Every structure is written in C-alpha cells, then in structure tokens.
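Enquirer: here is a sequence together with a model predicted from it:
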Amino acid sequence: MSKILTPDEIRAAARHIYELVPEIIPTEINRTLVSEWAEKNRTLTEGPFQGPFTFEYTPYLVEIADSLSPSCEEVREVAFMKPARIGATVSVGENWIGATIDAFPCDMGYITSDGAMAEIQMQTRIDALINESGIAHKIGETKKRAGQKKSGDKTVLKQFPSGSLLAGGPNSSFFKRSVGFKFLNVTEVDGFADDIGKEGDPIGLFRRRCGAFQNDYKILWESSPKLDHNSKIKRLYNEGDKRKFFVPCKHCGHEQFLKWGDKDKPGGLKFEKDDDDRLIEGSVYYECEECGGHWTNSDKDYFLKRGYWKATAVPRKPHVRSYHINALYSPIGFVSWETGVMEFLEIKHNGFPALEFQVWVNTFLGEPFEDRGERPKIEAVMSRKKDYHVDTLPEWADPLFLTLGADVQKDRIECEIVAWCKDFESFSINYHVIPGEAKNINDECWDKLKQIIEAEHCGMKISLSGIDSGYETNTVYSFCDSFARGVYPVMGSEQRTKDREVIKFFTIQGFNCPRVDINTVRLKDDLYMNLAKGMREDGSFPAGYMHFPIEYDRKYFNMLTAENVVFDQKTKKKKYIAGSRRNESTDTRVYNSSLVHAYRQAIEDQLKAEEKMEEDERLVFDNFWLYIKAKK
C-alpha cells in the first residue's frame, strides 16, 4: 500500500526535485567552446603530433570548430571546402563529436559518403577519440552481461547520458526518414549521389532531419570537392559568407590569403623548373602580392598563428558560415609547398591527364575540378567571314524555310531565328533577348515573342517554332496551344537511343499541340561538328556550315561554345556540361536544329497520310530538301 506523504515530506521532495532540475534540464546554453574542450581533454596517441591536443599547428581550424559550439548562436550551418592533409578531420569533426558527448550532449548524426566507411570510422577513429578523451565511461549502459559490450555501445551507435551518436551512409534508412537530430556531422559530401535512393537531393534530405530544432540545430558540411558542375560542397560554400584565411606578410604586414601563383602576375606561390619539368631545388617561395617579398615554407610558424578568417561575401542563406582553404596552409610536418609543386610538375610532364590533374586540384588546391573536355575554339568560330547584317541575308543565299528556337528563363525569353538551306547550311537572322516574367502568360514578353513568330523576316514567314518547356512547362504549353499550328513545346533529353532517334512527337494530355522531345546529345554533336567546319578553298561552303551576322559579339559566341564534351565515368557515355557558363544561344540553336528534323518528320507523315509514301519508307534528307524547294 502506498504511503501518504505529509505536507512537510511533500515540500522536502519538491525542494529536492527543484535542486535536480538544472542537472537534468539545462537552463542556459553551455558556454564551452569545442576548441577549449579539445585542448583540455584530448590526448593524441597516433599521428605526427602525439601528446596533449593543441591547435598550435592548425590555428586556422579554431574558428571553424568553435562555430559548432552551442554558444555560437548566430551560426546554424558550417560549410568547409578543403584539401586533404590539413588536420580538419581530427581538429574539427572529431573534436565536435567528443565535445558533444562530454559537454553538450544531444542526438547527433555522423554521415559519411559510404555506410561501410562509417562503420570503420566508428570502430577506429571515434572509439580512439572516446578513449583518448577520458569519456569512455559515458558510453552505453552501466549494466551488462559478462563478456558483452555495453548495449548502448554498438558499431554505428554510441549512447550517452542525454544523447546518442548514430553513424551511417547517405542511404541508411534512419537518415532518410524517421530519425531526427540536433547536430549533424556530414563528411565528404561531394561523394554523395545527386539523388539519394530516388528520394531527392541529399542536402535537403539531411536538413529535414534537423527540422525539430530550427532555433539551435548545427550541421557541419565538410568535404574535399570533386567535379565543378555538380559539387555539393561548392554549392554549400556559395550559400555562406565565403570566408578565407588571411595572413600577414612577414616583410610589410600586408594581409592576404594564400593562392597558387601565376608567373605573369604578382603574388602567389612561385617556383622554377628545368626543361624536363623537374623542380629546381630551393626555388620555391611565396611572393607577397603587395611588396613582392619572399616567404618560404618554414615561415608558416610565423604567419599561420597571426592569421584570421575574413568573410568575402554576404551569405545567401542566413546563419551559414562557409570556409575555404588550400594546402598552402598545411602546417610544417604535413604537406610542404615543395611537395605540392613537385606533384603539379609531374602531372604537367605527363600532359595533364584529367584524372590525375583532378586529384591534385581537389586535394591540394581544395577546389572543384572543371573537366574542360572538348569544345570549339571561340577564336576560330569568331574568325568566320561575316558579310551580312541582322535581319538580312546575303544576296547569294538560297534559304528554304525559317525556324525559331526560344529558351525560357525566369526573367526573360531568348530566341534565335535561323534560315535553313539545302544540306543544313544555315544563316542566323537575329537573336532576341526579351525581358519579362516568363511564368506569367499575360506578361508582355509572351506578346513580344508572338509578334516575332508571326512577323516576316527577310521576306519569309517562320515555318516552325520550338519553345523550351523544361522551365515554365504549363505556361509554354498554353502559349503554343494559342497557335493553330507550327509552334511546339520542346523538351530536351540526354538519352542517346540505339537508333539515334533525334526527335519524337509526344501527345500532351489536355493540350492540342504535341511536344517535340529532342535528343540533345545528338544535336549538340551536330552543332559542334558544324562549328568546326570552314570555308573550302574554292570559296564554297560544306554541308552544315553556319553563317552569322556582323553584329554578333563575343558574348553570343561564348554562349554558343559554352558546353564542354566530357566522358561520364559513371554512365560510360559522353555528355555536355556548361558548368557556370551561360549557354542560352547553344540551347536556342539546338531547338532550331531539332525543328528541321521535326519538319522532315511532319512532311513524311503527311505524305504517308496522302498515300504518296509507303508506311515502311523513310523520307531521307536529300529528298526532303528537294520537296521543300519544289514547294517554295
């Protein structure tokens, strides 16, 4: 039978509970900094700097680590784009885990690019961290059966009072769905797939795991970058304030961030080599961009401890700090400047093989690698003879029909009108940039585009128009449906079909106009092949030759040649990548080219409907050009 407490006993119990509340439920933010915790509690038993942990050799990592402390309330996310071998894994990620277990416990996720690697890291580095820091007693339940590991101390799970550490790869079900975290330590984010198990963008998925802690969550995004066109750490870095580590010149005191030098520009890392790309001993130095004074690798002891992080941009996302550093800051005993230069010269001597060069750019410069692949030389394209003006054609031109291709952007529509002659010889008539709010079908930009489509150009009407429907899909469908015929939505695809099909008409439910689905890789192949063609010695032009008006400037041709042809190691196929370059004139020309194929297909379908062709026949282009010329 339960005992009935007296009033005095009730008051005594209440006082006891009240005294325990601060211990059970923190009433204020823990002011411990990650860096302070690490230097007070951790001892390294492996690596080049064994003994009590210190930031003396890597002072550039103090602010990054401390940004992850709960007391740094203005920071919710930290993005760190880095090279290899600068001490970041131990000094930032591991110390944050240790401090969380010991000083500010909560539920923490530890995500690496590979689930198996996460298990290995937990069994080796994290277990060592726990033992080195004297916090092993906090892990798991205190009671266990003889010979058994604590039930709260498993390969991927470490439980401790008021918190836990759960590790895995991006495909681990608990990271994608039900489990929430206050802290997330996400490492090697550039190793993640663009789509995690068909559930979408990994960055968005992981941010949702912190959704219950909007006011005090913390995420560390840390990675060496990989390829520029889809680098996730570069994207995260660009969301923040883009901090760089400035250090003073030992001669004049000018503050600057360290960079790889250019022999023709002042400042940066400099060196000399012989004719066989061998480094000349003793020739490596850093040149101050202000006074031209020289520093050596040994001067790191002077300038690193005097450096500081400086924001170079206004963050695009609130409460995000982003950091970038390269291996020129690697402390003495890690990677020397001489080592970095010798690695570079070996790659140079080998002809800059893409995969070798990528490793160096990623792991020494800490920058994403832009696989430049192959693309037409803009100087060669611009040097073509231009002997006509916009909205005109040379007297000797023999155009058969006109097409218009339009690329739809958020704040504008860009379109090109092209005159087509026999054998795909083409003349660009004009290129228009129409400002406006493209998502609004009633905006003036759509009225202007309609006027261009319906007008005469060089005495001819436009036969077919193709409007990019990949962005404002329904708006484009409605616009095309307002025409009786000849205006189609187009949708690009990089799939290369076995029969090399270039276009395919697709019925759109709820709309009268069909969509033209186009094989963009095939059409870009044709574009680059035709851009490479030159005028013959006798002054005639080969099939597919492209003519441009006098007024077209470098900006237009930059866009037309913006995309690099690269080989996708994953799909084992060729692909086109623009990176950060604008490519609107590439897209408009591709749409125009697709319309020639669509026109051929439409004529073939018409002739078969009129029973002038057999069903198993194909209208080849030689006959297509003759047919159009006869109709003209």
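Expert: Good, I have the coordinates.
Enquirer: any idea of the mean pLDDT in stretch 604-615?
Expert: Averaged across stretch 604-615, the pLDDT comes to 92.
Enquirer: now that stretch - C-alpha only, PDB.
Expert: The C-alpha coordinates for stretch 604-615 follow below in PDB (Å, rounded to 0.1, in the frame of the first residue of the first chain):
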ATOM      1  CA  GLU A 604       6.900  12.300 -94.100                       C
ATOM      2  CA  ASP A 605       3.700  11.800 -92.000                       C
ATOM      3  CA  GLN A 606       1.800  14.000 -94.400                       C
ATOM      4  CA  LEU A 607       3.000  12.100 -97.500                       C
ATOM      5  CA  LYS A 608       2.100   8.800 -95.900                       C
ATOM      6  CA  ALA A 609      -1.400  10.100 -94.900                       C
ATOM      7  CA  GLU A 610      -1.900  11.100 -98.600                       C
ATOM      8  CA  GLU A 611      -0.700   7.600 -99.600                       C
ATOM      9  CA  LYS A 612       2.200   9.100-101.500                       C
ATOM     10  CA  MET A 613       4.700   7.100 -99.500                       C
ATOM     11  CA  GLU A 614       4.700   3.500 -98.200                       C
ATOM     12  CA  GLU A 615       4.400   3.000 -94.400                       C
END
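Enquirer: just for the stretch 151-300 of the chain, where's the confidence low?
Expert: Low-confidence segments of the stretch 151-300 of the chain, defined by pLDDT under 70, span residues 151-153, 173-178, 197-198.
Enquirer: residues of stretch 541-555 that come out buried?
Expert: By 16 or more other Cβ atoms under 10 Å, the buried positions in stretch 541-555 come out as 544, 545, 546, 547, 548, 549, 552. For glycine as for every other residue, the C-beta is placed from the backbone atoms N, C-alpha and C.
Enquirer: in this structure the third one contacts residue 530, no?
Expert: Yes: in this structure, residue 546 sits in contact with residue 530. The criterion is Cβ atoms under 8 Å, and the distance is 5.4 Å.
Enquirer: so where is the stretch 451-600 of the chain shaky, pLDDT-wise?
Expert: Using pLDDT under 70, the stretch 451-600 of the chain drops low at 494-500, 567-572.
Enquirer: ok so residue 565 is a helix residue?
Expert: No: counting by DSSP: H, G, I helix; E, B strand; the rest coil, residue 565 is not part of a helix but strand.
Enquirer: surely it and residue 528 touch.
Expert: Yes: using Cβ under 8 Å, residue 565 is in contact with residue 528, at 7.0 Å.
Enquirer: who touches both of those two?
Expert: residue 375 (Cβ atoms under 8 Å, 6 or more residues apart in numbering).
Enquirer: mind listing what's buried along the longest helix that the chain contains?
Expert: Ranked by residue count under DSSP state H, the longest helix found in the chain is helix 584-609. For helix 584-609, a neighbour-count test (16+ other Cβ under 10 Å) marks 584-604, 607 as buried.
Enquirer: how about stretch 203-220?
Expert: Result for stretch 203-220 [16+ other Cβ under 10 Å]: buried residues 203, 205, 206, 207, 209, 210, 213, 217, 218, 219, 220.
Enquirer: any chance of those in CSV, plus distance to residue 299 and secondary structure?
Expert: What follows is these, written out as CSV (distance: Cβ to Cβ, whole Å; DSSP: H, G, I helix; E, B strand; the rest coil):
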residue, distance to residue 299, secondary structure
203, 38, helix
205, 44, helix
206, 40, helix
207, 41, helix
209, 44, coil
210, 42, coil
213, 43, helix
217, 40, coil
218, 35, strand
219, 35, strand
220, 30, strand
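Enquirer: out of those residues, which is nearest to residue 419?
Expert: Using Cβ to Cβ, residue 203 is the member of those that sits closest to residue 419, with 45.6 Å.
Enquirer: distance of the spatially closest residue to that closest one that is not a sequence neighbour from residue 564?
Expert: Distance criterion Cβ to Cβ, 6 or more residues apart in numbering; nearest residue to residue 203, sequence neighbours excluded, is residue 232 at 6.2 Å. The gap separating residue 232 from residue 564 is 20 Å, by Cβ to Cβ, to the nearest Å.
Enquirer: so which of the two has more stuff around it?
Expert: residue 232 (24 against 18; other Cβ atoms under 10 Å).
Enquirer: how about the more buried one, phi and psi?
Expert: The phi/psi pair for residue 232 (degrees, to the nearest 10) reads phi -80, psi -40.
Enquirer: that's a helix at residue 216, yeah?
Expert: No: going by three-state DSSP, the assignment for residue 216 is coil, not a helix.
Enquirer: ok so, going back, OK, contacts around the residue nearest to residue 203?
Expert: By Cβ under 8 Å, 6+ apart, the contact set of residue 232 is 189, 190, 192, 202, 203, 221, 223.
Enquirer: name the nearest residue to the third one, ignoring sequence neighbours.
Expert: What that stands for is residue 192. residue 202 (4.5 Å).
Enquirer: surely the one you found meets residue 190?
Expert: No: with contact defined as Cβ under 8 Å, residue 202 does not reach residue 190; the gap is 10.5 Å.
Enquirer: now for the residue lying closest to residue 244 once chain neighbours are set aside, how many residues are close by?
Expert: Closest residue in space to residue 244, ignoring its immediate chain neighbours: residue 257 at 4.1 Å, by Cβ to Cβ, 6+ apart. Number of residues near residue 257 (other Cβ under 10 Å) recorded here: 19.
Enquirer: if we can go back for a sec, mind putting the buried residues of stretch 203-220 into a markdown table with distance to residue 95?
Expert: A markdown table is the format used below for the buried residues of stretch 203-220 (distance: Cβ to Cβ, whole Å):
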| residue | distance to residue 95 |
| --- | --- |
| 203 | 24 |
| 205 | 26 |
| 206 | 21 |
| 207 | 23 |
| 209 | 22 |
| 210 | 20 |
| 213 | 21 |
| 217 | 19 |
| 218 | 13 |
| 219 | 16 |
| 220 | 11 |
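Enquirer: nearest to residue 382 among those residues?
Expert: Comparing the buried residues of stretch 203-220 against residue 382 with Cβ to Cβ places residue 203 closest, at 39.4 Å.
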